[in-house]
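> Build the 3D model from these lines:
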Amino acid sequence: MNNDLGLNSVDTLGSLLAQIADLTKQADAIKDQIKDGGKSVEGVLFNATYIEANRSSTDWLALVATKLGVEADWKKVAVKIGYEEKDVPKAIADNTKTTAVFSVKVTAR
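Residues are numbered from 1 along each chain as shown. Below you'll find the model as predicted:
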């Protein structure tokens, strides 16, 4: 970084993130070429293997709501299984895990 401009660590971070974004675009383009070209590609220094996998997730709310014959809404499901409506917010809160997530967003000036 050029200190003649009075740049600080936030400016350095912004510059690094911009470089990472450019490099990510380049890497993604190369990955697409590998994906279209075959399962394995050998380079002089590195080898790349394309692996395809399926990922599944289950919508448990919809599953339970369908079985109970109610709309896919946690409050409606909780009432249907025996919670009193006034107790639903506490029951949900008592069974909810919260994890702090921190991020720094940098934008160009």
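> Now do the buried residues in the lengthiest helix in the chain.
Using DSSP state H to define each element, the chain has its longest helix at helix 9-37. In terms of neighbour count (16 or more other CB atoms under 10 Å), helix 9-37 has its buried residues at Gly14. Where you see a C-beta, it was placed from the backbone N, CA and C, and this is true even at glycine.
> Tell me which helix or strand comes right after that helix.
As assigned by DSSP states H and E, the chain's next helix or strand after helix 9-37 is strand 40-42.
> what comes into contact with that next one?
The contact list for strand 40-42, computed with CB atoms under 8 Å, 6 or more residues apart in numbering, reads 34, 47-50.
> Make a PyMOL selection of the buried ones in these.
In PyMOL, a selection of the buried entries from these looks like this (16+ other CB under 10 Å):
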select buried, resi 48
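> now the contacts of strand 40-42 as a markdown table including pLDDT, secondary structure and distance to Pro89?
Converted to a markdown table, the contacts of strand 40-42 look like this (pLDDT from 0 to 100; DSSP: H, G, I helix; E, B strand; the rest coil; distance: CB to CB, whole Å):
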| residue | pLDDT | secondary structure | distance to Pro89 |
| --- | --- | --- | --- |
| Ile34 | 85 | helix | 50 |
| Asn47 | 88 | strand | 54 |
| Ala48 | 87 | strand | 50 |
| Thr49 | 86 | strand | 49 |
| Tyr50 | 84 | coil | 47 |
